[in-house]
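Asks: Need the 3D shape of this:
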Amino acid sequence: MTDSSVRIVEVGPRDGLQNEKTIVPTATKIALIDRLSAAGHRSIEVTSFVSPKWIPQLADAAEVYLGIQKHEGIDYPVLVPNLQGYERALAAGVREVAVFTAASDAFNRKNINATVDESIERFLPILERARNDGVKVRGYVSTVLGCPYQGEVEVRDVVRIAKRIFELGCYEVSLGDTIGIGTPTKARAMLRAVADEVPMGALAVHFHDTRGQALANVFACVEDGVRVVDAAVAGLGGCPYANGATGNVASEDVVYMLHGMGYMTGIDLDALVATGQWISAELGRENGAKLGRALAPAAVRA
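Replies: Residues are numbered from 1 along each chain as shown. Just a heads-up that it's a prediction; the model follows:
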């Protein structure tokens, strides 16, 4: 990846669909991922190997992963909450996983009934196994700009946690504004602070659009040097543990902005917009991408 290119990590199939109240058919999930592959994505988060008791929507994780068309040059990571989930993922042939924690103890306790440090201890066995198995591990740090339970989150806590999981073996650390509370100035300051301890090339940003700031935050962080952005087609998503948190920043809007700024993503924007229109229709919901709505008459394709 060059300085003029930005990698989009498409999180719609996992972070987006996991919040849908009605169970999405396995075939629809597979078709969505295949469409995203065809649109030129190079990293698509497929699903999570989590207990169906936690997230029934993702009970078909293995079926989805085994059912998608895998292409050379495209990464298909999955989220794993524990060693049991990792082993299920490995059995399905997964070659990249993601682990997660938060910058807020209060959020982690509500989410997984553990402190931040306890959550990191839980995924240490995953990192050890992955090293031995040759599996890549990505790390998520959520609530980096604010927590729905404790409010303000200290930047030093974000830096400490991001640095720790990077040093433990996560090749990339995604910094997530889970409740969409950040503004460009705060997002940039947080990124700079983390980049003082973790190489910028190992960082990604992940913004939710609850207060309409996500695209502006992405702009600020890309201008400051980040080259990996998490986004979800049609703005799918939310957070089951953060009331009022709306979807992720829409991939279509991010790609449109980046292309307009002169960055390369390798993504066919027309195909991406069409995919957003399609999945929105499949789910019976309004398209969360502003570009998708603006181009709706021309973008709807079978």
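
Asks: and stretch 170-183, C-alpha only, in PDB?
Replies: Coordinates of the C-alpha atoms in stretch 170-183 are reproduced here as PDB (Å, rounded to 0.1, in the frame of the first residue of the first chain):
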ATOM      1  CA  CYS A 170      -1.800  -7.700  16.700                       C
ATOM      2  CA  TYR A 171      -0.500  -6.700  13.300                       C
ATOM      3  CA  GLU A 172      -3.000  -3.900  13.100                       C
ATOM      4  CA  VAL A 173      -5.000  -2.000  15.700                       C
ATOM      5  CA  SER A 174      -8.400  -0.500  14.800                       C
ATOM      6  CA  LEU A 175      -9.400   2.500  17.000                       C
ATOM      7  CA  GLY A 176     -13.200   2.600  17.300                       C
ATOM      8  CA  ASP A 177     -15.500   5.500  18.200                       C
ATOM      9  CA  THR A 178     -18.300   3.000  19.300                       C
ATOM     10  CA  ILE A 179     -20.900   5.600  20.200                       C
ATOM     11  CA  GLY A 180     -20.100   8.100  17.500                       C
ATOM     12  CA  ILE A 181     -19.300  10.900  19.900                       C
ATOM     13  CA  GLY A 182     -16.000  12.200  18.400                       C
ATOM     14  CA  THR A 183     -15.300  15.300  16.400                       C
END
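
Asks: what's the nearest residue to Gly12 if we skip its chain neighbours?
Replies: Spatial nearest neighbour of Gly12, excluding adjacent residues (CB to CB, 6 or more residues apart in numbering): Ala232 at 3.8 Å. For glycine as for every other residue, the C-beta is placed from the backbone atoms N, C-alpha and C.

Asks: my guess is that neighbour meets Gly247, correct?
Replies: Yes. Using CB atoms under 8 Å, Ala232 is in contact with Gly247, at 6.3 Å.

Asks: tell me, what's touching these two both at once?
Replies: Shared contacts of Ala232 and Gly247 (CB atoms under 8 Å, 6 or more residues apart in numbering): Gly16.

Asks: Please say which of those two ends up with more neighbours.
Replies: Ala232 (32 against 25; other CB atoms under 10 Å).

Asks: my guess is Phe207 meets Gly182, correct?
Replies: Yes. In this structure Phe207 lies within contact range of Gly182 using CB under 8 Å: 7.0 Å.

Asks: shared neighbours of the two, which are they?
Replies: What both Phe207 and Gly182 touch, as defined by CB under 8 Å, 6+ apart, is the set Gln213, Asn217.

Asks: start to end distance for stretch 65-85?
Replies: End-to-end distance of stretch 65-85 (CA to CA, to the nearest Å): 13 Å.

Asks: Need the residues that contact that stretch.
Replies: Residues from elsewhere that reach stretch 65-85 (CB under 8 Å, 6+ apart): 14, 26-27, 30, 33-34, 37, 41-51, 54, 61, 86, 89, 92-100, 112, 122-123, 125-126, 129, 136, 138, 140.

Asks: Just the buried residues of those residues.
Replies: 14, 30, 33-34, 37, 41-50, 61, 86, 89, 92, 94-100, 112, 122-123, 126, 129, 136, 138, 140 (16 or more other CB atoms under 10 Å).

Asks: before we move on, the earlier item: OK, contacts around the residue nearest to Gly12?
Replies: With CB under 8 Å, 6+ apart, Ala232 has these contacts: Glu10, Val11, Gly12, Asp15, Gly16, Gly247, Asn248, Val249, Ala250, Ser251.
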